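Participant: fold the following for me, if possible:
(4 chains)
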Number of protein chains: 2
Amino acid sequence: MRILVVEDEEKVSRFVARGLEAERFAVDKAADGVSGLEFATLYEYDLIILDLLLPGLSGTETLRRLREVNAHVPVLVLTARDAIADKVENLEAGADDYLTKPFAFAELLARVKALLRRGAVNRSNVIRVADLELDRLSQTVRRGGNRIELTAKEYALLEYLMANVGRVLSRTMIIEHVWDQSFDSVTNIVDVYVRHLRNKIDEPFERKLIRTVRGVGYSMCDETQT
Amino acid sequence: MRILVVEDEEKVSRFVARGLEAERFAVDKAADGVSGLEFATLYEYDLIILDLLLPGLSGTETLRRLREVNAHVPVLVLTARDAIADKVENLEAGADDYLTKPFAFAELLARVKALLRRGAVNRSNVIRVADLELDRLSQTVRRGGNRIELTAKEYALLEYLMANVGRVLSRTMIIEHVWDQSFDSVTNIVDVYVRHLRNKIDEPFERKLIRTVRGVGYSMCDETQT
DNA sequence: AACGAATTTTAATGTTGTCTTCATTTGGCT
DNA sequence: AGCCAAATGAAGACAACATTAAAATTCGTT
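Facilitator: This is a model prediction of the structure:
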């Protein structure tokens, strides 16, 4: 499950991201409205958490434009305690729920899960690529019907790859999403984990799904390749 | 697409350069304001990423002088977290966007892409010349519907040629856009790469798109040829 | 708390593909 | 023909990726 957090305060976004990641969500962070919109345009999210007090583009304006881009994704809005006046405005602008700062993480999590459940009725939680199938609810993986056991990191990597079928993901992006660390370019951990994944999901099968794009990164194939 | 990174911290600049290179940008690095200015004067960049906390010449001063040299190139400024006071000053001094450290690479990339898109009204994500088609988003190339695999350099060269359809590009111009600075002047690398490209995108087809202009350089044909 | 097993990470080595140079051939132009 | 620019082919240097093993860490169990 992918969540985008649009929040300018580094401390808050870190706190939220950490907590959500512990719940096995894949979290992206954006520090203001402009890049938040950019993310929302480029990638698909299951939920967006949006702080209204943003530098640059105002939160309400961001929300409005977000709706132009994607009318379906659930948006949870964070506001300051005394901003109740805006409440109506926000709900009208397209927020699905709101939470006032400061908040307990447990409360945020409860609301996040509620929103996801609500939307889950008509959305599938299974991603399929060829005969490979990943269920995000039960966090299980099958290929050709057979269950494949993955470790936490292997699963996270596979989910990230499958959520972006056909797109090439750079090592930098993969490290950021799966390992949540930056600035450490002297590691080949992505290569090693790709190997682990290949051993489990590609090795025993005829058709290989994980493709290496030299100089760029890795990608899940959707089309039949040469 | 060429990007100049002016940043004194080796770790940060390596991290940024690596990530951008995986996105197929040609990246030059400068470690301080003076050499940053020098690069910006000597070469043309599509975007400049400038750290404000530089040794020697201050970042703001660098920015001001940069604008004297080139008023158009988009500049993305990196600042320390608590330097919000300078924010207005920087935007006034000519920064197009800013990002506070520490930042996630995905966020930097989102902003870079947004800035590049903003600057070019006529730049769509897909360039077409006859039945040849280059998609800047997915970085893929097709001719007559068939996907063509290119290496990093081949792709960069083709993008530059296609972005300047009909115009004749000299070898010097090509080297300056596609390769990064440190390059020896007695080389026929452009010829060699044009050959590689022709093998992949012209050889199998009837109509040839890359034209040689003797004594000058190369060009992509847009009109129907003789 | 201590042990062992499984997972994660680092590190070293082997392999492959790309980049670059160089030498040679081809072909246009005067 | 003779000159010069461009095309071509191939080989070596180099960087990126694959693979393996071993070290470090985590986690559950006793």
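Participant: the strands in chain A, which residues?
Facilitator: The residue ranges that make up the strands of chain A, judged by DSSP state E, are A:2-6, A:26-30, A:47-51, A:75-80, A:97-101, A:126-129, A:132-135, A:140-143, A:146-148, A:168-170, A:210-213, A:217-220.
Participant: CSV for these, including distance to residue B:97, mean neighbour count and mean pLDDT?
Facilitator: Where you see a C-beta, it was placed from the backbone N, CA and C, and this is true even at glycine. Conversion of the strands of chain A to CSV gives the following (distance: least, Cβ to Cβ, whole Å; neighbours: other Cβ atoms under 10 Å in any protein chain shown; pLDDT from 0 to 100):
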stretch, distance to residue B:97, mean neighbour count, mean pLDDT
strand A:2-6, 16, 25, 88
strand A:26-30, 13, 23, 84
strand A:47-51, 19, 25, 90
strand A:75-80, 23, 22, 84
strand A:97-101, 26, 16, 81
strand A:126-129, 34, 16, 90
strand A:132-135, 36, 19, 92
strand A:140-143, 40, 18, 93
strand A:146-148, 43, 12, 92
strand A:168-170, 21, 22, 92
strand A:210-213, 29, 16, 94
strand A:217-220, 25, 21, 94
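Participant: which of those sits closest to DNA strand C?
Facilitator: strand A:210-213 (8.7 Å; Cβ to the nearest atom of the strand).
Participant: partners of that closest one in the sheet?
Facilitator: Looking at strand A:210-213 with DSSP bridges, its paired strands and their directions are strand A:217-220 (antiparallel).
Participant: do stretch A:11-23 and DNA strand D meet?
Facilitator: No - shown here: stretch A:11-23 not in contact with DNA strand D (Cβ under 7 Å from any atom of the strand), separated by at least 10.0 Å.
Participant: now stretch A:186-195
Facilitator: Yes - residues of stretch A:186-195 contacting DNA strand D under Cβ under 7 Å from any atom of the strand: A:188, A:191-192, A:194-195.
Participant: least confident of those residues?
Facilitator: Of all the residues of stretch A:186-195 next to DNA strand D, the model is least confident about residue A:188, whose pLDDT is 93.
Participant: thinking again about what came up before, so which of the strands of chain A gets nearest residue B:17?
Facilitator: Shortest separation from residue B:17 across these is recorded for strand A:168-170, at 12.3 Å, computed as Cβ to Cβ.
Participant: up against DNA strand C, what does chain A have?
Facilitator: Selection of chain A residues close to DNA strand C by Cβ under 7 Å from any atom of the strand yields A:149, A:151-154, A:179, A:186-189, A:192-193, A:214-215.
Participant: where is pLDDT lowest across those residues?
Facilitator: When those are compared on pLDDT, residue A:186 comes out least confident, at 78.
Participant: ok, the residue lying closest to residue A:205 once chain neighbours are set aside - contacts?
Facilitator: Of all residues not flanking residue A:205 in the chain, residue A:143 sits nearest, at 6.6 Å (Cβ to Cβ, 6 or more residues apart in numbering or on different chains). Residue A:143 makes contact with A:131-133, A:201, A:205, according to Cβ atoms under 8 Å, 6 or more residues apart in numbering or on different chains.
Participant: redo the residues of chain A next to DNA strand C as CSV? Include neighbour count and distance to residue B:76.
Facilitator: Conversion of the residues of chain A next to DNA strand C to CSV gives the following (neighbours: other Cβ atoms under 10 Å in any protein chain shown; distance: Cβ to Cβ, whole Å):
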residue, neighbour count, distance to residue B:76
A:149, 9, 44
A:151, 11, 38
A:152, 10, 35
A:153, 15, 32
A:154, 20, 35
A:179, 16, 25
A:186, 6, 25
A:187, 12, 26
A:188, 10, 29
A:189, 15, 28
A:192, 11, 33
A:193, 20, 31
A:214, 8, 28
A:215, 13, 24
